[in-house]
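Participant: Only the shape, not the letters, is given here:
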């Protein structure tokens, strides 16, 4: 609402001074925030990176309209770790999620919690995989102590893990069955949520279950692609791209596109089922070589960001620090020990300055990225396993340049070893006020969990084709598991 004062009005000088002193220097920044993440989409699986078969017109348009990162990184080379990094701004090993199928520690400070305190309504749609439940995606139980609501989400329509056609999901604990491609289902549901906010700021996380195996694409989406799994995986990305078009058009239809930041990426590198999934990069999902961690990265915000292409290295660990910086949230919104850094300067055409290298720690593997240089080991316990690559001149990581740059090599190794000590302390809970990790870890297949037994027949009634696990096969799996532990 505008307040008008005519030029003939008399205003006391004291009131003018008061108004000037109390007026904010700039309007409060409270954009809607949408984080979108694909499941196993490689760096090469977008049209703008030159895939020979795949067309992604909506992602291409989004990249042309916003910030296109040519070097954006998933914090981990598999799914759960990267998801933990998005919500915490920390490398996943600190948070209770060293690999996939582990649960995010409830003692962590999360992005949805911080945004709730700032007045945002928060929602999660799609794959969760941070509650320690393994196997293909099934509805998350309402009494699960690790469901999205416990981490700050007001609304959640979620499944435990990957999912595709005709998904059976859980809406805040209530089971619902949907017809259609899962990517389009969760975008449609997310748009319904956004419309209900009616001008209030919202935070929506949309985590696809595609193009993860087992690959089920609609016939019209896989046309022109190779037969078999390869074509089905590409067809799933076609559906993702179409859902991105639906999302962007939905924001325009609501008239909120200028006030909405959309950040798109993938949870890890591509799969070998598509030989072009990682472009010219070395490695695939599960590797800390570029093909395992470099992923598509796009930020679109028409009301703030001018189009640009950047080779600035950034990662999913930077998402929370950047949003906290953007909204000027309290510093204690995040853990004091963190690995991500704000890249907010990039939004206005500046160059963010990093205080340390970007870390990647996964099982025995480790990597540090410092500008164009990357230190890497596939067995960090061995002192002679380290390699140094110059990604600016050798993005495919074909030549170890550690002998050419010995000082940099030794300096980055020292940084890596210091980081390992810090991460190990975090994993023991030293960053938490309690000084220890309070909850027990869980990593179990839902088929073997007592909590799911009462619901399996209900799942079968709701979703055509759902198969209740065979008890005999279940006992055989348990026996194999026991024998493996002996």
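Facilitator: Perfect, thanks for sending it. Here the structure is a predicted model, which means the values were calculated and not measured.

Participant: now residue 315, which residues is it bridged with?
Facilitator: Judged by DSSP bridges, the bridge partners of residue 315 are residue 73.

Participant: From the contact counts, what lies against the host helix or strand of residue 460?
Facilitator: Secondary structure assigned from DSSP states H and E places residue 460 in helix 456-462. Identification of packing neighbours for helix 456-462 by 3 or more C-beta pairs under 8 Å, 6 or more residues apart in numbering; DSSP states H and E yields strand 174-177. Quick note: C-beta positions are derived from backbone N, CA and C, even for glycine.

Participant: Let me know the average pLDDT across the helix or strand following the strand it packs on.
Facilitator: Using DSSP H and E, the helix or strand that follows strand 174-177 in sequence is helix 182-197. Average pLDDT, helix 182-197: 98.

Participant: So what touches helix 182-197?
Facilitator: The contact list for helix 182-197 (C-beta atoms under 8 Å, 6 or more residues apart in numbering) reads 32, 34, 121, 123, 125-126, 155, 157, 163-167, 178, 202, 204, 206, 208-210, 236, 239-240, 242-244, 246-247, 250-251, 254, 256.

Participant: Stretch 269-280 too?
Facilitator: Outside stretch 269-280, the residues that reach it (C-beta under 8 Å, 6+ apart) are 40-45, 49-53, 74, 77, 211, 213, 215, 229-230, 233-234, 281, 283-285, 287, 290-295, 395-396.

Participant: Let's see that with 7 Å instead.
Facilitator: 40-45, 49-52, 77, 229-230, 233-234, 283-285, 291-295, 395-396 (C-beta atoms under 7 Å, 6 or more residues apart in numbering).

Participant: can you check stretch 368-383 too?
Facilitator: 288, 313, 357-359, 364-367, 385-392, 408, 412-413, 415-416, 420.

Participant: redo that, cut-off 8 Å
Facilitator: Counting by C-beta under 8 Å, 6+ apart, 73, 288-290, 313, 354, 357-360, 364-367, 385-393, 397, 405, 408-409, 412-413, 415-416, 419-420 sit against stretch 368-383.

Participant: Return a PyMOL selection command for the buried portion of the residues you listed.
Facilitator: Here is the PyMOL selection string for the buried members of these, based on 16 or more other C-beta atoms under 10 Å:
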select buried, resi 73+288+289+290+313+354+357+358+359+360+365+366+367+386+387+388+389+390+391+397+408+409+412+413+415+416+419+420
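
Participant: Which members of the contacts of stretch 368-383 occur in strands, if any?
Facilitator: 73, 358-360, 365-367, 387-390 (DSSP state E).

Participant: Show me the two of these that sit farthest apart.
Facilitator: Spanning the widest gap among those are 365 and 390, at 19.7 Å by C-beta to C-beta.

Participant: quick one: low-confidence parts of this protein?
Facilitator: Where the chain drops to pLDDT under 70, the residues are 1-27, 471-486.

Participant: domain ranges for it?
Facilitator: 32-357, 359-427, 449-485 (automatic domain parsing).

Participant: Quick check: which of these is buried the most?
Facilitator: Mean neighbour count (mean count of other C-beta atoms under 10 Å) peaks for domain 32-357 among the domains of the chain, with a mean of 21.

Participant: hey, what's residue 127 bridged with?
Facilitator: Going by DSSP bridges, residue 127 forms beta bridges with residue 159.

Participant: Surely it touches residue 164?
Facilitator: No: shown here, residue 127 and residue 164 do not form a contact pair, counting by C-beta atoms under 8 Å, at 10.6 Å.

Participant: could you show me where the helices are in the stretch 251-400 of the chain, in order?
Facilitator: For the stretch 251-400 of the chain, the helices defined by DSSP state H, counting those that start in this stretch occupy 290-293, 319-326.

Participant: Which strands and helices lie in contact with the longest one?
Facilitator: If I follow you right, that is helix 319-326. helix 79-88, helix 111-117.

Participant: Any idea which of those helices gets closest to residue 425?
Facilitator: helix 79-88 (15.9 Å).

Participant: Out of the helices and strands packed on helix 319-326, which is closest to residue 435?
Facilitator: Per C-beta to C-beta, nearest to residue 435 of the helices and strands packed on helix 319-326: helix 79-88, 18.4 Å.

Participant: Please name every helix or strand in contact with the closest one.
Facilitator: Against helix 79-88 (3+ C-beta pairs under 8 Å, 6+ apart) you get strand 32-38, helix 111-117, helix 319-326.

Participant: Next, the angle helix 319-326 makes with that helix.
Facilitator: With axes from the mean of the first three to the mean of the last three C-alpha atoms, to 10 degrees applied, the angle from helix 79-88 to helix 319-326 works out at 10 degrees.

Participant: and the closest residue to residue 260 other than its chain neighbours, what does it touch?
Facilitator: Closest residue to residue 260 apart from its sequence neighbours, by C-beta to C-beta, 6 or more residues apart in numbering: residue 32 at 4.1 Å. By C-beta under 8 Å, 6+ apart, the contact list for residue 32 reads 194, 197, 201-204, 256, 259-261.

Participant: of all those residues, which two lie farthest apart?
Facilitator: 197 and 261 (14.8 Å).

Participant: Quickly note the distance from residue 49 to residue 122.
Facilitator: 32 Å (C-beta to C-beta, to the nearest Å).

Participant: And residue 39, by the same measure?
Facilitator: Taking C-beta to C-beta, one finds residue 39 at 21 Å from residue 122.

Participant: do residue 393 as well
Facilitator: Applying C-beta to C-beta to residue 393 and residue 122 gives a distance of 43 Å.

Participant: same question, residue 396
Facilitator: Taking C-beta to C-beta, one finds residue 396 at 40 Å from residue 122.

Participant: now do residue 410
Facilitator: On the measure of C-beta to C-beta, residue 410 and residue 122 end up 45 Å apart.

Participant: same check, this time on residue 138
Facilitator: Residue 138 is 23 Å from residue 122, by C-beta to C-beta.

Participant: What of residue 465?
Facilitator: Taking C-beta to C-beta, one finds residue 465 at 33 Å from residue 122.

Participant: Residue 261 now?
Facilitator: Counting by C-beta to C-beta, the gap from residue 261 to residue 122 is 15 Å.

Participant: Same check on residue 452?
Facilitator: 26 Å.

Participant: again with residue 455
Facilitator: 26 Å.

Participant: same thing with residue 338?
Facilitator: From residue 338 over to residue 122 (counting by C-beta to C-beta), the distance is 20 Å.

Participant: what's the answer for residue 254, then?
Facilitator: 18 Å.

Participant: Then residue 296?
Facilitator: In terms of C-beta to C-beta, residue 296 sits 24 Å off from residue 122.

Participant: Figure out which of the helices and strands packed on helix 319-326 is closest to residue 326.
Facilitator: helix 111-117 (11.0 Å).

Participant: who's in contact with the closest one?
Facilitator: 33, 86-89, 122, 124, 151-154, 203, 205, 319-320, 323-324, 327, 329, 333-334.
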